[in-house]
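Participant: Got a predicted model here, sequence first, then my questions.
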Amino acid sequence: MHSLFFKAFGIICSMSYHVCPRDCFDTCGMLYENGKLKGDKSHPFTSGLVCGKASLSLRQVNDVNRVVKPMVRTAHGFEKITLDLALNIAAEQMNRSKGKVYRIDYSGHMGILSRFFHQRLFRQLGAPEVTWDICSTAGDNELLDGFGSIYGSDIDEIRESDFLIIWGANIAYSSIHAFTWARQVKNVFVIDPVQTDTAAAFNHVPVRPGGDVALVLQLLMEMKKRGYEVPLDMSKFTNLEDISGVSQEVVNLLCDGLLKSANPFVFLGYGFQRQWNGGLCVRLIVSLLDVIGKRDHFYFDRPYYGIDVDYVRLGSQKPNNRSISWTKLSEELRGEHGAVFFVLNANPLNTIPDRRTLIKAFKSEDNFVIVHDLFMTETAQAADLVFPAKHYLEFEDVIPSYGHKYLGFNEIAFSAPENSMSNMELSRALSEKLGLKNKELYENDIQLIDGALRPLNVSYDYLKEKKRIALPEPPKVGHPNWPSDSRVLSNLNREKEGSFLLLTPVARLRLHSQYDNEINAVPILEINVDDAAQLRICDGELARIENERGSLDIACKVTSRVPRGVLRLEHGFWTDIDAPNVNDLIDSTLQKGNMGSQLMWNFVDIRPVGKGA
């Protein structure tokens, strides 16, 4: 298959440099050589190690099911059409909508150009801004309010640590470099309700779901006993061990490690801060580190410091006044009529909470849906017009990381199918079809890269030659602004809102829904041994999980890895658009105070329905 594909689309060069643009901590530097993508051994962070998604990237390029021609929906299904006709149809519909154009995008490609340049076009058309609040927003906003910055240290500081806490992250799946370095640290504790592969590799601290704030308060209480100043009235917080499920003995071990180690470090994951009180917990953990004089000894996020992102996304524009929430997209678009929904860099009909509501909006006859993608995802299945996208190995971009300081240049390995376009090329082509005169809509990729890197005194030519540069260190977290006692107390405990808490973490070889069509993984629901026995659910049998938003029949795996009262199902598996999906069951409510998602606080009922396949 590979040779046939390369004959059709062409190899540009025998060796090229690449940066993985997926929504991942590690943002690996890679070389394409002799038909393989391999890690860049000279990259200070990657150090030659890449995960299995690299080979899956090559499978994507080669996939016979890839979209290579524009398609329009007809009464008889999708029909292949010319690129020029597709652009004309898109322009006609965007003009018809009379300003009701919605830009629906996220992080399918994290390149500075791919993620931001097309925003200029949609902003000129009056499209609302999109608030990407589904990922780290809760923790980011709490850190900004509490410390003036989201940045403590980069992930690779783990290499210098002698005591490590991994809080709410399964880095065996989500950051193979962090996991590799963690294995070299003397003492490692993993705080997680589930015995993930990461927790199984180290000392597991099984906190109860939603009990993380209580555990931080236990640690603060112990530190106060040992003479440290804690600016909270600790007498107000009671029954902490009952809430967290963590014994005083384990609390003492964690405190000993934090206080007696020369260089303790905390890796803060994104999963646990998507609980109802998760954002505040991030703030309290960093406040705890400040108590012991180690305020910046953590990783949570890293801004694209030094890069002029606003130049790429805005030019001379100002942001539009209206903004829509990505987490609440289904609610934002409910009942919309006469609109154009333009989707790129995302697969919302797989990944958005309460997606059934969004499907109805997309399928409404008087809305028009345009999708730009490599494959016929669930979202593309609902489209009226589909544009074929270029793969990241087929165009240039510059890729920063939110886990380390290196900005890399992504070269071209393959010539793309004739009708496929990058996000930037599609934006320029549509601007031309719409007759727009603003010159900023037509800047080429070299000009955009030069503009983005101007504050660094770095040019397109320089970065292309050097392949990567180290970005300056962002401002670190400052002196803490502690939350009030009353706010901490209101975030301490909440009763269960249903029979079982449903956790929907990322999978090992998927990034949200990306790559699922290449691995064809079978979705499996994990259930505790005792819960399964009580419900008479056997290993491999089908069970139905359901709540007021929807239901899903799925094969079960009976395991001791998950605690009682918790179900675990990795999200992102592909289905037909009309088939059930786990995100049918997920609530789009945002956390109070920081407006981040709480996707990991959803409850379902479960019952057996029969034998599995």
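Facilitator: Yep, it's here.
Participant: which residues in the stretch 101-250 of the chain form strands?
Facilitator: Taking DSSP state E, counting those that start in this stretch, the strands of the stretch 101-250 of the chain run over residues 101-105, 129-131, 163-167, 187-191, 203-205.
Participant: Can you say which of those strands is packed in most?
Facilitator: Among these, the stretch with the highest mean neighbour count (mean count of other CB atoms under 10 Å) is strand 163-167, at a mean of 25. All C-beta atoms are positioned from the backbone trio N, CA, C, and that covers glycine.
Participant: Show the secondary-structure elements that it is packed against.
Facilitator: Judged by 3 or more CB pairs under 8 Å, 6 or more residues apart in numbering; DSSP states H and E, the packing partners of strand 163-167 are strand 187-191, helix 248-260, strand 264-268.
Participant: hmm, try it at 6 Å
Facilitator: Other helices and strands packing on strand 163-167, by 3 or more CB pairs under 6 Å, 6 or more residues apart in numbering; DSSP states H and E, are strand 187-191, strand 264-268.
Participant: Arg544 is nearest to which of those?
Facilitator: Between Arg544 and the helices and strands packed on strand 163-167, the shortest gap by CB to CB is with strand 187-191, which sits at 31.5 Å.
Participant: what pairs with the closest one, and is each one parallel or antiparallel?
Facilitator: Using DSSP bridges, the neighbouring strands of strand 187-191 in the sheet come out as strand 163-167 (parallel), strand 203-205 (parallel).
Participant: Pull the number of nearby residues for Lys225.
Facilitator: 11 (other CB atoms under 10 Å).
Participant: Also Asn444?
Facilitator: By other CB under 10 Å, 11 other residues sit near Asn444.
Participant: rewinding a little: looking at the strands paired with strand 187-191, spot the one closest to Asn457.
Facilitator: Closest of those to Asn457 is strand 163-167, at 36.5 Å (criterion: CB to CB).
Participant: Averaged pLDDT, that closest one. What do you get?
Facilitator: Model confidence over strand 163-167 averages 98 on the pLDDT scale.
Participant: again with stretch 496-512
Facilitator: When the per-residue pLDDT values of stretch 496-512 are averaged, the result is 93.
Participant: what's the residue lying closest to Arg123 once chain neighbours are set aside sitting at in phi/psi?
Facilitator: Of all residues beyond its chain neighbours, the one nearest Arg123 is Gln317 (5.3 Å), with distances taken as CB to CB, 6 or more residues apart in numbering. Gln317 has phi and psi values of phi -80, psi 170 when expressed as degrees, to the nearest 10.
Participant: Look up how far Val309 lies from Gln317.
Facilitator: Summarising the geometry, the distance separating Gln317 from Val309, computed by CB to CB, to the nearest Å, is 13 Å.
Participant: Also Asn438?
Facilitator: Summarising the geometry, the distance separating Asn438 from Val309, computed by CB to CB, is 19 Å.
Participant: what do you get for Leu503?
Facilitator: Distance check for Leu503 against Val309: by CB to CB, it reads 33 Å.
Participant: What pLDDT is listed against the closest residue to Asp23 other than its chain neighbours?
Facilitator: Counting by CB to CB, 6+ apart, Asp23 lies nearest to Ser107, which is 4.2 Å off, once chain neighbours are set aside. The per-residue pLDDT reported for Ser107 equals 96.
Participant: just the one 5 residues further on next, same as before
Facilitator: Per-residue confidence at Ile112 stands at 98 (pLDDT).
Participant: in the stretch 501-613 of the chain, which segments are predicted with low confidence?
Facilitator: Within the stretch 501-613 of the chain, the segments meeting pLDDT under 70 span 611-613.
Participant: Also the stretch 151-300 of the chain?
Facilitator: Across the stretch 151-300 of the chain, nothing is flagged by pLDDT under 70.
Participant: Could you do the stretch 1-150 of the chain as well?
Facilitator: Segments of the stretch 1-150 of the chain classed as low confidence (criterion: pLDDT under 70) are 1-13.
Participant: which ones are touching Gly211?
Facilitator: 243-245 (CB atoms under 6 Å, 6 or more residues apart in numbering).
Participant: Please report which of the residues you listed has the highest neighbour count.
Facilitator: Note: the member of the contacts of Gly211 with the most neighbours is Ser244, at 27 neighbours, neighbours being other CB under 10 Å.
Participant: Does that one touch Asp212 like I think?
Facilitator: No - if you go by CB atoms under 6 Å, Ser244 and Asp212 don't touch, sitting 7.5 Å apart.
Participant: Just give the nearest non-adjacent residue to Cys51, would you?
Facilitator: Spatial nearest neighbour of Cys51, excluding adjacent residues (CB to CB, 6+ apart): Ile176 at 5.0 Å.
Participant: And the one you found, how far from Pro44?
Facilitator: 16 Å.
Participant: same thing with Arg123?
Facilitator: For Arg123, the distance to Pro44 (CB to CB) stands at 37 Å.
Participant: just how off-centre is the longest strand anywhere in the chain within its chain?
Facilitator: Among all segments of the chain classified by DSSP state E, the strand with the greatest residue count is strand 550-559. With CA atoms, centre = their mean, to the nearest Å as the basis, the distance from the averaged C-alpha position of strand 550-559 to the chain average is 24 Å.
Participant: what's the answer for stretch 394-411, then?
Facilitator: Counting by CA atoms, centre = their mean, stretch 394-411 is centred 17 Å from the centre of its parent chain.
Participant: And the contacts of the strand or helix carrying Ile324?
Facilitator: Following DSSP states H and E, the helix or strand that holds Ile324 is strand 323-325. Contacts to strand 323-325, defined as CB under 6 Å, 6+ apart, come from residues 128-131, 133, 332.
Participant: next one: stretch 213-224
Facilitator: Around stretch 213-224, the neighbours that count as contacts under CB under 6 Å, 6+ apart are 207, 230, 234, 237, 240, 243-244, 246, 251, 255, 277, 281, 284-285, 288, 291, 491-492.
Participant: ok, and for that stretch, which residues are buried?
Facilitator: 213-223 (16 or more other CB atoms under 10 Å).
Participant: Using TSV, please lay out those residues together with distance to Leu56.
Facilitator: Output for these, formatted as TSV (distance: CB to CB, whole Å):
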residue	distance to Leu56
Val213	38
Ala214	40
Leu215	37
Val216	38
Leu217	42
Gln218	42
Leu219	40
Leu220	43
Met221	46
Glu222	45
Met223	45
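Participant: Out of these, list just those in helices.
Facilitator: When DSSP state H is applied, the buried residues of stretch 213-224 are split such that 213-223 fall in helices.
Participant: Count the residues that sit near Met15.
Facilitator: 10.
Participant: which SS class is Ile359?
Facilitator: helix (DSSP: H, G, I helix; E, B strand; the rest coil).
Participant: On the three-state scheme, the residue nearest to it when sequence neighbours are not counted is what?
Facilitator: Here the nearest residue to Ile359 in space, its sequence neighbours aside, is Leu349; by CB to CB, 6+ apart that works out to 5.9 Å. Of the three states, Leu349 takes helix under three-state DSSP.
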